[in-house]
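In: mind folding the following:
(chains A and B)
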Protein chains: 2
Amino acid sequence: MEISELGEFGLIDRLAKDITTQNPTTIKGIGDDCAVLAPTEGMRTVVTTDLLVEGVHFDLTYVPLRHLGYKAVMVNLSDVFAMNAQPRQVTVSLAISSKFQVEDIEELYAGIRLACKKWAVDIVGGDTTASLTGLCISITAIGEARSEDIVLRSGAQPTDLICVSGNLGAAYMGLQLLEREKAIYNEQVEQARKSGSKEQMELLRDAQPDFSGREYILERQLKPEARGDIIAALREAGIHPTSMMDISDGLSSELLHICKQSQTGCRIYEDRLPLDYQTAAMAEELNLNVSTCALNGGEDYELLFTVPLSLNETVSALEDVRVIGYITEQEKGQALITRDGGEHQLRAQGWEALKS
Amino acid sequence: MEISELGEFGLIDRLAKDITTQNPTTIKGIGDDCAVLAPTEGMRTVVTTDLLVEGVHFDLTYVPLRHLGYKAVMVNLSDVFAMNAQPRQVTVSLAISSKFQVEDIEELYAGIRLACKKWAVDIVGGDTTASLTGLCISITAIGEARSEDIVLRSGAQPTDLICVSGNLGAAYMGLQLLEREKAIYNEQVEQARKSGSKEQMELLRDAQPDFSGREYILERQLKPEARGDIIAALREAGIHPTSMMDISDGLSSELLHICKQSQTGCRIYEDRLPLDYQTAAMAEELNLNVSTCALNGGEDYELLFTVPLSLNETVSALEDVRVIGYITEQEKGQALITRDGGEHQLRAQGWEALKS
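Out: Presented below is the predicted three-dimensional model:
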């Protein structure tokens, strides 16, 4: 169905009918000039927002809309968890070009709802409008935390241990794989067109690349999970990180942010970087240095945090968390210690959409 | 300066250096994974968001970037005031194509900052990214109100008086004027090109249309003001509206929302619609029915609200507020009483970007 048949209000009505609120802090969701929330007494509110633009942040030739909706929410929840807070509400704004049908937007919303449901987050508002080109998704997430629980980027101290959750570089490898398959496919279509073979064109239409054995890196790219489980595990273990942020632009870039805001240096060890087997295999196949991918790959949505040295044993015992180095005095700089013992200045080579 | 020279972090650093926070509920603004807010004890939080897309919501051939920034904030604050709440914070996300320079974005931000300053609102976060085409602005506003002060769309009761602030249709007339001048200008350029007259082309380059006597309707279109002053006046007069919303899509459309959500009917009187002289003059010049413009024009950002009949005298004494009709039982329908006493069903003909 064409979106123009429904219009803005019709589309909103249709999307809103599947949206219910479940969080006790939500007093009123969609349907008025504003949503109304009841902050839990004595708690702080945290707010974050992300803007995803077609052709810049995602490529719909290989990203399913449902996954895109899921990811768009998760990247915001990841920021809320990175404050050591609990997400409560999101607003969802979409600019939609005429190439999309009502069913497409419903698919996108199915992913958005699924991600929200996973963390008991309510969709409380948004804006839905036309766009001249492509899709644009703007999500704002609101969360809560006790004042004393909030973790900033600025609290790291010399001798603190540097920890990361999960593993790094997998989402980037997933992206490389998808981009390679897209290039191969486009080339095959081009050849079939030149040769004028209708049969070959039809075969290509139904062709699906074989991704077996690469499911993990694809999932990391297409359907990332915000690490609320790590926040819960830290709380359970009685660990209050001294600083924390989520890894969206790459470990190097984020660690430099923590060092800058905490006015410290750091030492991390190449042989401590957590890697998945599929990440390493894909990097080798593409002739890329896997450590570089782990340091600069981006879109990991893992948590990077620091804890006092005295918590070494406790934090090391946590599942899916690894100590990768330690914080130093600022004048010692920010360094990576390579496998052969060499020392290299860390650089932010993370993905920057606005850089030429 | 090209934005690509600075990159995302460089641009954010440059914009953020002029941003300070002044609201006591803002604990931490830009610079971490989330902003941190301290809700006032016992108060509700309200949240609203708006997405503005180049070519759909604004035309940069005649909208100055500074005005655009101002308006982008005001349309959100208008929603906060429409809840009878006070705005406290905004987040600002921008998708920027390569045609913009750093100075352009600084102009846009100057307008954003000015609007925020006017209502003591803090810019606490956002996202700045690339776009393949044009500019996209997503703003989320957060406000506060005591639970008992919040006014929804759903509280109107039969016999309540229907009131509007300011006057209607002016922003729409301003838009028509700007569109007309743009069309004339484009035609002149086309003719000059055809005739090959360099002299004429140069004259046109510096040409400015004469807008004297139309300043008011232009200002209403380009630099709307959210009516926080009306909220303050209502409070001062001890008036608690039974329902309220802001007029962004046109009076008819909004009044139908209130009637639908309050399960009521309404009667409004054509001869009570508040009009400015410039609006009427422009409508006549363009051969448009001025009442239709007032009913369906959109972008007025005035407040539409209902008050109990017993407050007739108090509300009528307020400056810049006019009673235009009253709420009825639902089965009586939603009607406009024309100057000649005729009764017409109100229809939402407001602007809908997604409708074909």
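
In: hey, let's count contacts and neighbours off CA atoms from now on
Out: Noted.

In: whichever strand or helix holds A:F9 vs chain B: in contact?
Out: Using DSSP states H and E, A:F9 sits in helix A:3-16. Yes. Helix A:3-16 lies within reach of chain B by CA under 8 Å from any CA of the partner chain, at A:3-8.

In: I'd like the residues you listed as CSV, with pLDDT and neighbour count appended.
Out: As requested, these are exported to CSV (pLDDT from 0 to 100; neighbours: other CA atoms under 10 Å in any protein chain shown):
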residue, pLDDT, neighbour count
A:I3, 87, 23
A:S4, 85, 18
A:E5, 86, 14
A:L6, 86, 17
A:G7, 82, 19
A:E8, 79, 20
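
In: what comes into contact with the lowest-mean-pLDDT helix or strand in chain A?
Out: In chain A, no helix or strand scores lower on mean pLDDT, DSSP states H and E than helix A:198-205, which sits at a mean of 82. The contact list for helix A:198-205 (CA atoms under 8 Å, 6 or more residues apart in numbering or on different chains) reads A:185, A:188-189, A:192-193.

In: list the buried ones in that helix?
Out: A:M201 (16 or more other CA atoms under 10 Å in any protein chain shown).

In: quick one: name whatever helix or strand follows that helix.
Out: Next element after helix A:198-205 (DSSP H and E): helix A:215-222.

In: tell me the helices and strands packed up against that following helix.
Out: Helix A:215-222 sits against helix A:65-81, helix A:170-195, helix A:277-285, with contacts defined as 3 or more CA pairs under 8 Å, 6 or more residues apart in numbering or on different chains; DSSP states H and E.

In: what angle sits between that helix and helix A:65-81?
Out: 70 degrees (axes from the mean of the first three to the mean of the last three CA atoms, to 10 degrees).

In: could I get helix A:215-222 in CSV with only the CA atoms?
Out: Taking Å, rounded to 0.1, in the frame of the first residue of the first chain, the C-alpha atoms of helix A:215-222 are listed here in CSV:
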residue,chain,number,x,y,z
GLU,A,215,26.6,-15.9,10.6
TYR,A,216,28.1,-14.4,13.7
ILE,A,217,29.9,-11.4,12.0
LEU,A,218,26.8,-10.7,9.9
GLU,A,219,24.6,-10.7,13.0
ARG,A,220,27.0,-8.4,14.8
GLN,A,221,26.7,-5.9,11.9
LEU,A,222,23.0,-6.3,11.2
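
In: just the buried residues of stretch A:307-317, please?
Out: Using 16+ other CA under 10 Å as the test for burial, stretch A:307-317 gives A:307-309, A:311, A:315.

In: kindly report the same for stretch A:268-277.
Out: By 16+ other CA under 10 Å, the buried positions in stretch A:268-277 come out as A:268-270, A:273-275.

In: if we can go back for a sec, give me the buried entries from the contacts of helix A:198-205.
Out: A:185, A:189, A:192.

In: tell me the phi and psi of A:E331?
Out: phi -70, psi -10 (degrees, to the nearest 10).

In: need the distance between the two termini of stretch A:151-162.
Out: 14 Å (CA to CA, to the nearest Å).

In: around chain B, pick out the residues from the stretch 51-200 of chain A.
Out: A:51, A:53-56, A:79-80, A:82-83, A:91, A:93-95, A:125-133, A:138, A:140, A:152-153.

In: did I read that right, A:I123 in a strand?
Out: Yes. Counting by DSSP: H, G, I helix; E, B strand; the rest coil, A:I123 is found in a strand.

In: enumerate every residue touching it.
Out: Counted by CA under 8 Å, 6+ apart, A:I123 has contacts A:19-21, A:29-30, A:89-92, A:113, A:116.

In: A:D50 against B:S93, yeah?
Out: Yes. A:D50 is within contact range of B:S93, at 7.3 Å (criterion: CA atoms under 8 Å).

In: which residues do the two both contact?
Out: With CA under 8 Å, 6+ apart, A:D50 and B:S93 have common neighbours A:138, B:126-127.

In: point me to the residue of the stretch 201-350 of chain A nearest chain B.
Out: A:M245 (6.4 Å; CA to the nearest CA).

In: among the residues of the stretch 51-200 of chain A next to chain B, which are located in helices?
Out: The helices, defined by DSSP state H, take in A:79-80 from those.

In: going through the residues of the stretch 51-200 of chain A next to chain B, which ones are buried?
Out: Applying 16+ other CA under 10 Å to those flags A:51, A:53, A:79-80, A:82-83, A:91, A:93-95, A:125-133, A:138, A:140, A:152-153 as buried.

In: distance of the closest residue to A:W119 other than its chain neighbours relative to chain B?
Out: Leaving aside its sequence neighbours, A:W119 sits nearest to A:P87 (CA to CA, 6 or more residues apart in numbering or on different chains; 7.3 Å). Using CA to the nearest CA, to the nearest Å, A:P87 is found at 11 Å from chain B.

In: closest to chain B among the buried ones among the contacts of helix A:198-205?
Out: For these, the nearest to chain B is A:Y185 (23.5 Å; CA to the nearest CA).

In: correct me if wrong: A:Q349 contacts A:A294.
Out: No. Contact criterion CA under 8 Å: A:Q349 and A:A294 do not qualify, at 11.4 Å.

In: so for these two, which residues contact both of them?
Out: A:G250.

In: so which of those two has more stuff around it?
Out: A:A294 (26 against 16; other CA atoms under 10 Å in any protein chain shown).

In: tell me the SS of the more buried one?
Out: Three-state call for A:A294 (three-state DSSP): helix.

In: could you check how far the nearest residue to it once chain neighbours are set aside is from A:V63?
Out: The shortest distance from A:A294 to any non-neighbouring residue, by CA to CA, 6+ apart, is to A:G169 (4.0 Å). Using CA to CA, we find A:G169 at a distance of 19 Å from A:V63.

In: looking at the two, which has the bigger crowd around it?
Out: Using other CA under 10 Å as the criterion, A:G169 and A:V63 rank with A:G169 on top: 30 against 14.

In: let me know the pLDDT of the more buried one.
Out: On pLDDT, A:G169 comes in at 96.

In: contacts only, for A:D300.
Out: Taking CA under 8 Å, 6+ apart as the test, what A:D300 contacts is A:167-172, A:220, A:224, A:247-248, A:250.

In: again, but for A:L135
Out: A:53-54, A:94-97.

In: can you check A:D50 too?
Out: A:72, A:75-76, A:138-140, B:93, B:126-127.

In: surely A:E103 meets A:M1?
Out: Yes. Taking contacts as CA under 8 Å, A:E103 lies within contact range of A:M1: 6.9 Å.

In: picking up where we left off before, would a markdown table of the residues of helix A:3-16 next to chain B with distance to A:A38 be doable?
Out: Below are the residues of helix A:3-16 next to chain B laid out as a markdown table (distance: CA to CA, whole Å):
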| residue | distance to A:A38 |
| --- | --- |
| A:I3 | 34 |
| A:S4 | 36 |
| A:E5 | 37 |
| A:L6 | 33 |
| A:G7 | 32 |
| A:E8 | 29 |
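
In: check those and tell me the two furthest apart.
Out: Spanning the widest gap among these are A:E5 and A:E8, at 9.4 Å by CA to CA.
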